[in-house]
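Enquirer: What shape does this take:
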Amino acid sequence: MENLFIYVENEKVENCLKYGIKLSEFANKIISYNQIEKRGIIAFLTPKDSDLYDNSFFTCLRISTNNLNAIIYNQVYEHHQELLSKSVCSVQDYNLADYEDPVGIICSTILPENIFLYNKLLDLPLIVENSKEYYYDKHVNDFIENDQFTKYELYQILLLLGEQKNIFTSEKIDDHLKIYTDQINHKTYTKYIKK
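Expert: Below is the predicted model:
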């Protein structure tokens, strides 16, 4: 990962850009794994990974990971020490979609030359808009490409899920045919059971 993203209060942005970000002042996270305790600044792989993305009281800063001490961990395992220890790596070793809910921790002071004001419209292009969604997309595609599930099986599961979520209403025509109707656009889907 060449960049991570952090959010700071608007009134602190100018000082951060000018003087850098001291770990002692901005540290806001501690995690423990493998009998190691890491203290640092929470960082995100993409700006949209944070709940603060649309918060007008915070500004997003792009942080170059060059010469930076940072780790990525799977937040899903945050309260499970044994599992967490298997899902922590250096920022340089992380590959997109390795973790379901990746979060970074910057464990060193960030020098001004590593800090850039993030511009939603004009900044460097992002490979991934949202880490979690990319994780799901990648793994669903892997399931299909590796023939673990056929498209037919996924279609059947999605019909059942749609019915459970009240997205679809269903009507059993006979022992072999069931029709699902989308409640919003009234499109119909069929489930034909071979016997």
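Enquirer: Which residue, other than its chain neighbours, is closest to residue 120?
Expert: If you skip the residues right next to it in sequence, residue 120 has residue 47 as its closest partner in space, 7.3 Å away by Cβ to Cβ, 6 or more residues apart in numbering. For glycine as for every other residue, the C-beta is placed from the backbone atoms N, C-alpha and C.
Enquirer: my guess is that neighbour contacts residue 55, does it?
Expert: No: under the criterion of Cβ atoms under 8 Å, residue 47 makes no contact with residue 55, lying 11.4 Å away.
Enquirer: Figure out the helix or strand that residue 143 lives in.
Expert: Using DSSP states H and E, the element containing residue 143 is helix 131-145.
Enquirer: Show me which residues of that helix are buried.
Expert: 131, 132, 134, 135 (16 or more other Cβ atoms under 10 Å).
Enquirer: The nearest residue to the third one once chain neighbours are set aside: what's it in contact with?
Expert: In space, residue 134 comes closest to residue 128 once its chain neighbours are excluded; the distance is 4.4 Å by Cβ to Cβ, 6+ apart. The contact partners of residue 128, taken as Cβ atoms under 8 Å, 6 or more residues apart in numbering, are 45, 46, 96, 134.
Enquirer: Right, I'll call it a day here.
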